[in-house]
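Novice: just a sequence and a predicted model for now, questions to come.
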Amino acid sequence: MDDMVDNLNNAYQEFVAAAASVLEIKELASAQKTIATDNSLENFKQKWELFRVACDQAEELVESVRQRIGSECLVDEATGTGSGTVSGKLGQSGPAGLPPISAVRLEQMSKAVRWLVIELQHGSGAASAGHHPHTPPPPFDARFPDDAAQ
């Protein structure tokens with residue numbers, strides 16, 4: 001993560017320096033178009049693109065970490081293994097008194113929900129089924145045996 005921050009900072013510093021260079025060269029050229037102004041603008045565009053790439057990479061990292069943390073919290077809550085859960089402190093079987101479910105079953109349900117969201121985004125029902133390349137997960141079965149064993 002430190003490398004990502006360093007890369008982002010370096011790209012930003014180079015971008016700002018390139019912007020300052022464009023302004024200085026343009027002022028020296030009395031706002032006339034010259035080879036030097038063209039070169040500084042090209043350098044500015046390159047630094048801008050590098051900065052955008054660094055921002056995109058940082059955003060992907062942050063989103064990945066956010067999703068991982070959210071998934072871990074969800075699994076902890078569902079399975080009752082989280083150290084900060086109310087159920088763990090009170091000795092209940094799960095949130096709101098519900099029995100915890102297995103992590104495997106939680107993952108299956110999560111995939112089913114993601115698939116449904118994708119289907120809704122592309123249009124629901126049979127109209128979109130012909131256009132969507134993914135096959136749907138098996139139907140949800142609330143009688144999953146691992147859940148009762150928890």
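Specialist: Yes, it's here. Computed from a predicted structure; not experimentally measured.
Novice: residue 114 versus residue 73, what's the distance?
Specialist: Distance of residue 73 to residue 114, given as Cβ to Cβ, to the nearest Å: 17 Å. Bear in mind the C-beta positions are built from the backbone N, C-alpha and C, glycine included.
Novice: rounded mean pLDDT for stretch 64-77, please.
Specialist: Mean per-residue pLDDT for stretch 64-77: 81.
Novice: also stretch 43-53?
Specialist: 96.
Novice: please point out which parts of it sit buried.
Specialist: Within stretch 43-53, the residues scored as buried using 16 or more other Cβ atoms under 10 Å are 43-44, 47, 50-51.
Novice: make TSV from those residues and add secondary structure and distance to residue 32 to it.
Specialist: What follows is these, written out as TSV (DSSP: H, G, I helix; E, B strand; the rest coil; distance: Cβ to Cβ, whole Å):
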residue	secondary structure	distance to residue 32
43	helix	18
44	helix	17
47	helix	23
50	helix	28
51	helix	28
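Novice: how about whichever strand or helix holds residue 113: buried residues?
Specialist: Per DSSP states H and E, residue 113 falls inside helix 103-121. Using 16+ other Cβ under 10 Å as the test for burial, helix 103-121 gives 103, 105-106, 108-109, 119.
Novice: return the closest of those with respect to residue 36.
Specialist: residue 119 (55.8 Å; Cβ to Cβ).
Novice: picking up where we left off before, among the buried residues of helix 103-121, which pair sits farthest apart?
Specialist: Longest span within the buried residues of helix 103-121, Cβ to Cβ: 103 and 119, 24.7 Å.
Novice: excluding its backbone neighbours, what's nearest residue 25?
Specialist: Nearest residue to residue 25, sequence neighbours excluded (Cβ to Cβ, 6 or more residues apart in numbering): residue 40, at 4.5 Å.
Novice: and the gap between that neighbour and residue 13?
Specialist: 17 Å.
Novice: more neighbours, these two?
Specialist: residue 40 (21 against 12; other Cβ atoms under 10 Å).
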